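Would you be able to build a 3D model of this:
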Amino acid sequence: MKSIKRRLVINFMVAIFISVIFFEMLLISFVKQYYYKNVEDVLTNQIRISAEFYSRYFSNSTLEDNVLDNVDVFWKQTPSQVQIIDLSGKVLMDSIGIIWKDPMESIDVKQALKGEKGTWTGKVNYDDDYVMAVAYPLKSNGKIVGILRFITSLKEVNAGIERISFIFLSIGALVIFIAGAVSVPLANTITGPIKEVTQVAEKMALGNFKIRSKKKLDDEIGKLSDTLNFMADEIVKKDQLKNEFISSVSHELRTPLTAIKGWAIVLNKELFEDKETLREGLEIIEKESERLTTMVEELLDFSKFVSGKIILNKEEISIENFVDHIEKYMGPRAVRDKIKFIVDCEKNIPRMYIDKNRMKQVLINILDNAFKFTGKEGIVWFDAKHKRNALYLSIKDNGCGISSEELPKVKEKFYKGKNSKSKNGIGLSICDEIVQLHDGDLTIQSNLYEGTIVNIRLPIKKC
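The predicted model follows:
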């Protein structure tokens with residue numbers, strides 16, 4: 001397995017190598033153009049002087065006569081090789097004695113025949129080095145009568161360019177070497193924190209959630225370190241909530257079981273002549289059995305939601321009838337607890353498809369909490385309204401309320417509030433899951449000692 005450090009160093013080196021080579025080629029190209037341009041400018045100045053000199057003082061004679069009588073005039077202006085060419089491309093004179101049988105057809109000559117300066121760089125058959133040629137028209141009375149051509153060797157120029165290129169390449173190699181040496185500690189600044197975070201994650205994976213990753217820099221790795229620490233804190237909290245949940249459930253299950261077992265033993269061992277005591281014992285056994293059944297069903301529901309195996313059985317229902325059923329179901333509880341229960345259902349709410357039993361479970365759970373945390377002579381409101389193609393259910397009480405610290409956590413699994421009336425801490429989490437399965441949302445607003453409002457929004461959809 002290739003390490004990140006190795007890949008980083010290789011990537012650094014590849015990027016630096018490509019950058020250095022690119023800039024080296026660019027610099028060498030600029031140097032070459034600069035030197036060649038200087039040579040061209042020198043030849044251009046010299047050839048223009050010679051061409052102007054010809055036009056002023058020798059234009060009265062033919063080009064051939066001037067070559068025979070005044071040939072020295074053309075190469076006194078330059079140390080370069082000089083050629084005089086007629087309009088057909090024939091070389092009339094070459095200062096180094098080269099005999100040209102074929103007409104001259106190079107690009108600089110063609111350009112000069114058009115009346116412009118022409119430049120050509122290349123190799124000739126009588127020299128091993130590259131040469132540069134500059135051709136310029138010779139004019140008599142404003143007409144082109146021939147071409148003057150200066151040729152110079154680029155041997156020294158190329159040698160100078162090679163020396164400068166060698167210096168540049170040496171500097172580039174030194175830069176690459178230094179960059180390679182520096183890239184290793186630079187890679188360590190990235191891989192070091194990653195390695196530390198990885199080691200912490202491995203220890204957490206083995207169950208050590210007390211260890212924490214040390215944040216070194218406020219960057220992506222630092223954020224990863226914070227996230228890892230946050231995850232460990234959340235796991236510890238969830239584990240603590242789970243343990244408290246198990247303890248609470250064990251206690252809640254033990255209470256009805258103890259009552260059932262106690263009365264069963266008593267009823268089994270003694271013969272009661274007092275029918276009232278017998279009836280009381282059987283009533284307690286019945287109530288505690290129902291309580292035990294309710295808790296077991298809630299735990300089974302919770303298990304189904306966690307495993308994602310819950311299935312909604314939706315059917316078309318009348319919301320008015322549904323709300324009326326909830327009112328009749330919870331009404332006796334309100335009377336018993338001496339709480340004023342106010343129900344208000346808007347008329348003509350469209351029929352909608354929901355899982356009636358699951359939504360009944362949600363509303364009864366929330367209303368049960370409202371009654372539980374509202375004192376005698378308190379008030380609980382239950383409203384149902386239709387707005388913007390959605391059903392809005394609201395349950396409000398003027399009870400003890402929820403503190404701002406606890407409010408964001410009340411829908412979390414296993415969370416139990418500080419109030420002793422809280423049971424196993426999964427009721428609201430199940431309600432929230434059921435509402436979400438209906439594509440709705442459940443929100444809670446509350447102020448301590450002022451009461452609580454639970455709002456449920458369910459989109460009205462056709463089956």
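
pLDDT score for residue 282?
Here, the pLDDT recorded for residue 282 equals 78.

Next up, the contacts around it.
263, 267 (C-beta atoms under 8 Å, 6 or more residues apart in numbering). Quick note: C-beta positions are derived from backbone N, CA and C, even for glycine.

now do residue 224
Listed by C-beta under 8 Å, 6+ apart, the contact partners of residue 224 are residue 197.

which stretch of helix or strand covers it?
Per DSSP states H and E: residue 224 is located in helix 220-269.

I'd like the next helix or strand past that helix.
From helix 220-269, the next helix or strand downstream (DSSP H and E) is helix 275-307.

so that following helix versus helix 220-269, what angle?
Interaxial angle of helix 275-307 relative to helix 220-269 (axes from the mean of the first three to the mean of the last three C-alpha atoms, to 10 degrees): 160 degrees.

Surely residue 430 touches residue 358?
No: assessed by C-beta atoms under 8 Å, residue 430 is found out of contact with residue 358, at 9.4 Å.

neighbours of residue 143, just the number please.
Residue 143 has 11 neighbouring residues, counting by other C-beta atoms under 10 Å.

ok, it to residue 64 distance?
Using C-beta to C-beta, to the nearest Å, residue 143 is found at 16 Å from residue 64.

what's the domain layout of this structure?
4-159, 220-307, 315-459 (automatic domain parsing).

now the longest one, how far from the centre of its chain.
Remark: domain 4-159 is offset 58 Å from the chain centroid, using C-alpha atoms, centre = their mean, to the nearest Å.

Model confidence at the residue nearest the centre of the chain, what's the number?
In the chain, the residue lying closest to the centroid (C-alpha atoms, centre = their mean) is residue 220, at 11.1 Å. On pLDDT, residue 220 comes in at 78.

Would you tell me what the next helix or strand after the helix or strand harbouring residue 131 is?
According to DSSP H and E, residue 131 maps onto strand 130-140. As assigned by DSSP H and E, the chain's next helix or strand after strand 130-140 is strand 143-153.

Check which element follows that next one along the chain.
Next along from strand 143-153, by DSSP H and E: helix 155-205.

Now do that following helix against strand 130-140: the angle between them, please.
Using the same axes, to 10 degrees: helix 155-205 against strand 130-140 is 130 degrees.

What is the strand holding residue 131 packed up against?
Counting contacts by 3 or more C-beta pairs under 8 Å, 6 or more residues apart in numbering; DSSP states H and E, strand 130-140 packs against helix 4-57, helix 107-113, strand 118-123, strand 143-153.

May I have the strands that pair with the shortest one, each with its orientation?
Okay, so that is strand 118-123. strand 130-140 (antiparallel) (DSSP bridges).

In PDB, list the C-alpha atoms belonging to the partner strand.
Listed next in PDB are the C-alpha coordinates belonging to strand 130-140 (Å, rounded to 0.1, in the frame of the first residue of the first chain):
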ATOM      1  CA  TYR A 130      23.700  27.500 -38.500                       C
ATOM      2  CA  VAL A 131      23.700  30.900 -40.300                       C
ATOM      3  CA  MET A 132      21.400  33.900 -40.500                       C
ATOM      4  CA  ALA A 133      20.800  35.700 -43.800                       C
ATOM      5  CA  VAL A 134      19.200  39.100 -44.200                       C
ATOM      6  CA  ALA A 135      18.200  40.100 -47.800                       C
ATOM      7  CA  TYR A 136      17.400  43.700 -48.900                       C
ATOM      8  CA  PRO A 137      16.300  45.100 -52.300                       C
ATOM      9  CA  LEU A 138      18.700  47.300 -54.300                       C
ATOM     10  CA  LYS A 139      16.900  50.100 -56.000                       C
ATOM     11  CA  SER A 140      17.700  52.400 -58.900                       C
END
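
Tell me the buried residues in it?
Under the neighbour-count criterion of 16 or more other C-beta atoms under 10 Å, strand 130-140 has 131-140 buried.

How about residue 94: what's its closest non-neighbour residue?
residue 83 (5.2 Å; C-beta to C-beta, 6 or more residues apart in numbering).

Which secondary structure state is assigned to that neighbour?
Assigned by DSSP: H, G, I helix; E, B strand; the rest coil, the conformation of residue 83 is strand.

how much space between residue 190 and residue 183?
For residue 190, the distance to residue 183 - C-beta to C-beta - is 11 Å.
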